[in-house]
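*Asks:* Fold the following, please.
(chains A and B)
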Amino acid sequence: MKRYDAIIVGGGHNGLACAAYLARAGRKVLVLERRERVGGAAMTEEVFPGFRFSVFSYVVSLLRPEIIRELELPRHGLHILPLESTLTPLPDGNYLAQWSDHDQNRRELARHSVRDAEAYDEFGLLLHRMARAIKPLLGVAPPDPGSLDPRELLDLWRLGRYFRGLPEKDLHALWKLLTMSAADYLDEWFEGEALKGTKSASGIIGTLLGPRSPGTAYVLLHHYMGELDGVFRAWGFARGGNGSVSAAIAAAAQAHGAEIRTQASVSKVLVNGSRATAVVLDGGDELRAPIIVSGADPRRTFLGLVGEERLPAEFASAIRRYRFRGSSAKVNLALAEPPRFTCMPEPGPHLRGAISISPSVDYLERAYDDAKYGEISRRPYMDIILPSMLDPTMAPPGKHVMSIFVQYAPYHLNGGWSDARREELGDTVVDTLTEYAPNLKGAILHRQVVTPADIERIVGLSEGNIFQGELTLQQMFFLRPAPAWARYRTPIHGLYQCGAGTHPGGGVMGAAGRNAAMEILGARA
Amino acid sequence: MSDIVVLGRTADGLVAAHLLARRGHRVTLIGAESLPDRMSGWVPSELAQDLGMSELAIARPEPWLRAPLGEGGVLELSSEMARSVASIRRISPRDAEAWPRFCERMARLARLLEEIYLAPPPGLIDLRFALRVRRLGRQAMEDLMRLLPMPAAELLDDWFESDALKGALGALAVRHLQQGPRSAGTAFRLLHYHVGAPPGVFRAPSTDLPRALHARPGITLREATAARIAVQAGEVTGVVLIDGQEIRAQSVLSTLDPRRTLEQLVEPGTLDPDLRHALRHIRSRGVVARFALALDEPPDWETLTLAPSLDYVERAYDDVKYGRASARPWLDLLANGKMVDVHMQYAPHGRAAEECIAQLVAPHLPAVWRCAPLPPPAEWPDGQPHHAELSLDQAMWMRPLPELARYRTPIGGLWLGGPAMHPGIPGICGYNCAREIARA
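*Replies:* As a prediction, the model looks like this:
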């Protein structure tokens, strides 16, 4: 029987990244993926003949540049096409467009509010500075503030020193971002409803919070994080869909000698005493390795694969109360023709960017109000891209695919999810969108609706949360997923975590996978 | 020994004036506010000692929380643990079992806040603060880190199942705040109202501190309104009254809201534009309408909280997000003889919302009563008693703005000591500020 140094459970992009780094360091690594192909939530499928979709996740913005560089992902087929604009159609037929061209953007903002156009650059500079301050934290394993271990204390001291080195003004600005609501934060800067709506939308993605909920301002930063790295601007689309991100990382892992086995579903992690010794596959096969790394979310890893009885009580209860509350859905459309928006009916560059249905903060907040009490938003927030406009191979010639990220569709829906409720969600999305692009309804050839319940069932993300657990302050950094266990280690010796349920969380970033590998290798990132 | 003017005949103003007078300064207290005899808020024993007060009357309704149950009966939380447990057991044995543990863990965190509240706020990266937090032990430290940013609803859901218990506690946590119990950072408020209270009590006591201080000599009281704070070369020189009279002083301690102090009383152009900009963004939204009910007979309860569930409170909040008064607000009633004070939340400042009162309180009162609105005191900006909403981004080192958090202002000799300052408990803000002046 073949011997491995490490077994990775789950071939999502984080598991693959972890495998690639371990293999690169000379370890013998095996990746076990339950489905017939790798990628987890970052995958491309030909859902309808000729139409290919990034079924779940849909854009790349945060994939760490060091991962792209160190794993040489472009050589393994990764090519990111920038999304150059964001169009926000408004109910009155007007629109707000944000362009990557600075002057064009300024003119457009000034059309709505001269004050906003003036404040925009300063706001951007501040957020850039904040993103730069936060960025080094993405690549470190969070130390445990309660530990007496000298290594942890050293890391804590380093962390303290790092923050002490920042200007006090920046620290306070950072605290504001961490604790304020996106709406309050933006109110300090801007007056335009469409601008505030669209900007605050980035603060609510993946959580069951509204733009007026404190804690949502922080996520605004993430939009600026990608831009910083100079690799690509803001949001991008991976040629061939998000599956090609996973495919590139998988290829890199294999090039370094990692073995990937698909249709290999792990049902159990065997624990002997307090040490993980092997994984058991669905068929009953046992595979042994001294190190087992789970890319599954914390609930599945600990309450599912390990079993509560094997865990310290305090840790088990921390994992039980770790919140998922998936709130987003995906609607994928195959179109006979591109949508013609009332505000911009002719095909143009706006179709190669993002289209955001977020006309005001109140609009988003109302959408949240529905979900807060367990209903689908009657008028949901939508973030839309047309991959076929950027990459014609995604659809047959002349036809198009549209990828719609929808929020809110609460996992805990009153009465539960059913086929009828899924179609109801699809209808709500199409009806709402048709108000802005009247030809849409008639152009639909096929429609795929993916609810949080579907995400859970198909990809295995608990409660369909796309970040493997809400990215709220009490579930971040050294609290993710549980206090004292944020360093990718677990109370079970030899068992590690590398999914988005660990620091720094989700968003096709790959950082958790890389950090976990570094931690396992005992190397400082 | 120096001349000090204290602005505002408020709890903070009185405490600060008396403390400074006892330290040998000549103090003039200027204010035309009519101060009620009693106030709500913790009075630490250090403060009472420093002011030489032993006769303070501290009162808290007992039980401190009464929440009528939909199916009849009432939930009563008392300062006696066993009585609370017995009352909770009638609605949920599980919650009754959890209550003492919950109270014990909250009390441990409140003890830490008590220490922090009696000094200027720690810095954001403060080694001594970090060590103090570590000394709490692992569990309390983890509790604190998790609890601070949490929604009250999430904390309560972690511990309890009963809607009545969670609703009433969740409502008290969002007192005077334009947030609902599902908003992040509200769990910390439950702790805030717990500070200084015995385990299991999450309501601030009421004291006769203002009356006790009013009765004392030692300071010069001027029933007048300040027109401006005189500043020369960046230093305070005194206060000019509306009638033109100038009272000279080396230091001025203002307990008025920071915007009023720095934007209206100080000559424009004195302050840095960045600070003026920041001042404008201090959030101080009033969300409470208050009423006085006059009854023919005293009711047979001291307090009544009508907030049947977290969802109920959250829905009440939904209305105010869009600028409306809650169609179904939550209410907190405090009886004082035949008079009942009603705290009704949420109602945007200046929006009367009497209609629903009758329907909500009727089942709990005798048939005949009269209702009169109690307008908020003039010194509450937009009706907000904390002057700056007490939320996580405006607490401790951020209160009310990082550059003002240590009670000093950029103007030499001008100090801030009102409720907008750390820790936001009336009396203690003025106390902390006065001690900083005495130390300077």
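
*Asks:* where exactly do the strands run in the stretch 1-150 of chain B?
*Replies:* For the stretch 1-150 of chain B, the strands defined by DSSP state E, counting those that start in this stretch cover B:3-7, B:26-30, B:39-40, B:58-59, B:65-68, B:74-77.

*Asks:* Could you report the neighbour count for residue 23?
*Replies:* Picking chain A for this. The number of residues packed near A:Ala23 is 24, by other CB atoms under 10 Å in any protein chain shown. To be clear about C-beta, it is placed using only N, CA and C from the backbone, and glycine gets the same treatment.

*Asks:* ah, no, chain B please
*Replies:* 16.

*Asks:* just for the chain, where's the confidence low?
*Replies:* Picked chain A for this. Within chain A, the stretches with pLDDT under 70 are A:1, A:223, A:226-235, A:523-525.

*Asks:* please go with chain B instead
*Replies:* Using pLDDT under 70, chain B drops low at B:352-353.

*Asks:* who in it is up against chain A?
*Replies:* Residues of chain B found near chain A (CB under 8 Å from any CB of the partner chain) are B:124-125, B:127, B:130, B:134, B:138-139, B:141-142, B:145-150, B:154, B:158, B:179, B:182-185, B:281, B:283, B:311, B:314-315, B:318, B:321-322, B:391-393, B:397-398, B:402.

*Asks:* before we move on, what SS does A:Phe315 have?
*Replies:* At A:Phe315, secondary structure determined by DSSP: H, G, I helix; E, B strand; the rest coil is helix.

*Asks:* Pick the most deeply packed of the strands of the stretch 1-150 of chain B.
*Replies:* Of all the strands of the stretch 1-150 of chain B, strand B:3-7 has the most neighbours on average by mean count of other CB atoms under 10 Å in any protein chain shown, namely a mean of 27.

*Asks:* gap between the residue of chain A at minimum distance from chain B and A:Arg487?
*Replies:* Nearest residue of chain A to chain B, counting by CB to the nearest CB: A:Leu473, 3.4 Å away. Distance check for A:Leu473 against A:Arg487: by CB to CB, to the nearest Å, it reads 19 Å.

*Asks:* Surely B:Glu331 forms part of a helix?
*Replies:* Quick fix: residue B:331 is Leu, not Glu. No. B:Leu331: not assigned to a helix; according to three-state DSSP it is strand.

*Asks:* Point me to the residue of chain B nearest chain A.
*Replies:* Chain A sits closest to B:Pro149 of chain B, with a gap of 3.4 Å, by CB to the nearest CB.

*Asks:* Quick check: most distant residue from the centroid of chain B.
*Replies:* Going by CA atoms, centre = their mean, the residue of chain B most distant from its centre is B:Ala233, 35.5 Å out.

*Asks:* Any residues of the stretch 1-150 of chain A in contact with chain B? List them.
*Replies:* Residues of the stretch 1-150 of chain A lying near chain B (CB under 8 Å from any CB): A:Pro145, A:Gly146.

*Asks:* Let me see the residues that make contact with stretch A:514-522.
*Replies:* Contact with stretch A:514-522 is made by A:6, A:14, A:17-22, A:25, A:27, A:64, A:66-67, A:139-141, A:291, A:293, A:487-489, A:496-498, A:502-504, A:524-525, as judged by CB atoms under 8 Å, 6 or more residues apart in numbering or on different chains.

*Asks:* how about the residue farthest from the centre of chain B, phi and psi?
*Replies:* Main-chain dihedrals, B:Ala233, degrees, to the nearest 10: phi 50, psi 40.

*Asks:* that older thread, please spell out the PyMOL selection for the buried subset of the contacts of stretch A:514-522.
*Replies:* The PyMOL command for the buried members of the contacts of stretch A:514-522 (criterion: 16 or more other CB atoms under 10 Å in any protein chain shown) is given here:
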select buried, chain A and resi 6+14+17+18+19+20+21+22+27+64+66+67+139+140+141+291+293+487+488+489+496+497+498+502+503+504+525
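
*Asks:* Show me what the lengthiest helix in chain A is packed up against.
*Replies:* Across chain A, the longest stretch assigned as helix under DSSP state H is helix A:114-138. The contact analysis (3 or more CB pairs under 8 Å, 6 or more residues apart in numbering or on different chains; DSSP states H and E) places helix A:114-138 against helix A:102-112, helix A:168-179, helix A:220-228.

*Asks:* roughly how far is that helix from the heart of the chain?
*Replies:* With CA atoms, centre = their mean, to the nearest Å as the basis, helix A:114-138 stands 21 Å off its chain's centre.

*Asks:* Now that helix: buried residues?
*Replies:* Buried residues in helix A:114-138, defined by neighbour count with 16+ other CB under 10 Å: A:116-117, A:119-120, A:123, A:126-127, A:129-131, A:133-135, A:137-138.

*Asks:* before we move on, what about stretch A:86-105?
*Replies:* Quick answer for stretch A:86-105 (16+ other CB under 10 Å): A:Thr86, A:Leu87, A:Thr88, A:Pro89, A:Leu90, A:Tyr95, A:Leu96, A:Ala97, A:Gln98, A:Trp99, A:Ser100, A:Asn105.

*Asks:* Quick check: end-to-end length of it?
*Replies:* Chord length of stretch A:86-105, first to last residue, is 10 Å (CA to CA, to the nearest Å).

*Asks:* burial of the nearest residue to A:Tyr488 once chain neighbours are set aside, as a residue count?
*Replies:* Among residues not flanking A:Tyr488 along the chain, A:Ala516 sits closest, at 4.1 Å (CB to CB, 6 or more residues apart in numbering or on different chains). By other CB under 10 Å, the residues close to A:Ala516 number 30.

*Asks:* now do the one 3 residues further on
*Replies:* The tally of other residues near A:Glu519 (other CB under 10 Å) stands at 22.

*Asks:* Check whether it sits in a helix, strand or coil.
*Replies:* Quick answer, by three-state DSSP: A:Glu519 is helix.

*Asks:* All the helices of the stretch 151-300 of chain B, in order from the start?
*Replies:* Under the criterion DSSP state H, counting those that start in this stretch, the stretch 151-300 of chain B carries helices at the ranges B:152-159, B:163-173, B:187-192, B:209-214, B:258-259, B:273-280.

*Asks:* Packing partners of the third one?
*Replies:* With contacts defined as 3+ CB pairs under 8 Å, 6+ apart, the secondary structure elements packing on helix B:187-192 are helix B:93-117, helix B:138-147, helix B:152-159, helix B:163-173.

*Asks:* Please repeat the previous calculation with a cut-off of 6 Å.
*Replies:* When contacts are defined as 3 or more CB pairs under 6 Å, 6 or more residues apart in numbering or on different chains; DSSP states H and E, helix B:187-192 packs onto helix B:152-159.

*Asks:* got the contact list for the helix it packs on?
*Replies:* A:321, B:98, B:102, B:166, B:169-170, B:173, B:181-182, B:186-187, B:190, B:310 (CB atoms under 6 Å, 6 or more residues apart in numbering or on different chains).

*Asks:* Kindly recompute the last result at 7 Å.
*Replies:* Helix B:152-159 is contacted by residues A:321, B:98, B:102, B:147, B:166, B:169-170, B:173-174, B:181-182, B:186-187, B:189-190, B:310 when judged by CB atoms under 7 Å, 6 or more residues apart in numbering or on different chains.

*Asks:* Quick check: the two most widely separated of the buried residues of helix A:114-138?
*Replies:* Pairwise distances across the buried residues of helix A:114-138 (CB to CB) peak at 32.3 Å, for the pair A:Ala117 and A:Leu137.

*Asks:* do you know how far B:Arg89 is from B:Gly72?
*Replies:* B:Arg89 is 16 Å from B:Gly72, by CB to CB.

*Asks:* circling back: phi and psi next, for the residue nearest to the residue of chain A closest to chain B when sequence neighbours are not counted.
*Replies:* Closest residue to A:Leu473 apart from its sequence neighbours, by CB to CB, 6+ apart: B:Pro149 at 3.4 Å. Phi and psi for B:Pro149, reported as degrees, to the nearest 10, are phi -90, psi 0.
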